Structures are given as C-alpha cells and as structure tokens.
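>>> Next input, structure requested:
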Amino acid sequence: TAASTGGIAAPPQAPGLYVLPTHTTVDIQGTEEEHAAAVRMQRIQRGKAARSQVDLLRRQKGAEAEAAVRAQNNAAVEIQSVNRSEAARARVANIEEERDAAEEATVAAAAAAAAAA
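Residues are numbered from 1 along each chain as shown. Presented below is the predicted three-dimensional model:
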C-alpha cells in the first residue's frame with residue numbers, strides 16, 4: 001500500500017510477475033563508505049529481481065512450448081486412431097466377405113450333391 005511504502009504506490013502487476021521498481025532519489029546523509037554499501041546492496045537486489053523475472057519468462061516460454069508439443073502429439077494420436085479404426089473395419093469386411101463366400105460355396109456344393117443323388 002501507499003502508506004507502507006512511504007507514500008509511493010506500487011504499480012499493478014500480474015500474479016507471479018515481479019516488476020522492477022522505479023528508481024527514486026532520496027537524499028540521505030552518510031559517509032562515502034555507507035553510500036557505496038547502499039549502492040552495492042541496491043545493485044544486488046536489482047540483479048536478483050531481474051534474474052527472477054528472466055527465470056519466470058523462461059518458465060512461461062517453456063510451458064508454452066511443452067503445451068504446443070503436447071497438442072501436436074495429441075493430434076498425431078487422433079490421426080493414428082482414425083487410421084487404425086478404418087483399417088480394422090476393412091479387415092472385418094474382408095473376413096465377412098470370405099466367410100459369406102465360403103458359406104455360399106458350401107451351400108452350392110450341398111445343393112449340387114443333393115441334385116446328383
């Protein structure tokens with residue numbers, strides 16, 4: 001909140017995304033050594049925040065790539081499933097045709113035998 005940050009409102013941000021703070025100038029009296037230490041701590045914190053943001057962006061990009069690969073694999077599985085089912089139906093149709101032809105041949109042979117007798 002603005003009260004907890006010394007009157008400076010934090011900018012809105014997406015969940016999980018760290019926004020680098022804007023740089024404000026504060027005039028604080030101190031020795032050169034204290035000033036150098038403060039600058040160093042700020043530099044370290046800004047570097048840590050930037051690395052965190054880059055890591056988040058990389059993870060998001062990796063998740064998007066994984067989702068694309070998963071979608072492509074699912075599409076391939078669906079195509080393979082359709083092809084397998086069509087091939088199975090064709091095999092069943094061939095088996096039924098062969099069975100029907102064999103039954104017709106048996107009936108015709110029985111009829112011919114009955115007619116000859």
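>>> can we go C-alpha only for contacts and neighbour counts from here?
Will do.
>>> can you give me the strands in the chain?
In the chain, no strands are defined using DSSP state E.
>>> quick one: low-confidence parts of it?
1-28 (pLDDT under 70).
>>> center of it - which residue?
When CA atoms, centre = their mean is applied to the chain, the residue found nearest the centroid is Ala67 (1.7 Å).
>>> I'd like to know how far that one sits from Arg59.
12 Å (CA to CA, to the nearest Å).
>>> Equivalent analysis for Arg40, please.
Arg40 is 28 Å from Arg59, by CA to CA.
>>> Same check on Ile95?
53 Å.
>>> And Gln80, by the same measure?
In terms of CA to CA, Gln80 sits 31 Å off from Arg59.
>>> Then Asp100?
61 Å.
>>> Show me where the chain has its helices.
In the chain, the helices defined using DSSP state H lie at 32-116.
>>> so what's Ala88 up against?
The contact partners of Ala88, by CA atoms under 8 Å, 6 or more residues apart in numbering, come to none.
>>> With Glu104 as the reference, measure out to it.
Distance from Ala88 to Glu104, by CA to CA: 24 Å.
>>> And for Ala50?
81 Å.
>>> who's more crowded, these two?
Between Ala50 and Glu104, counted using other CA atoms under 10 Å, Ala50 has the larger neighbour count: 15 against 12.
>>> From Lys61, how far off is that one?
17 Å.
>>> what's the burial count for Arg46?
14.
>>> got it, and Arg70?
Neighbours of Arg70 (other CA under 10 Å): 12.
>>> again, but for Ala116
7.
>>> how far away is it from Ala67?
Taking CA to CA, one finds Ala116 at 73 Å from Ala67.
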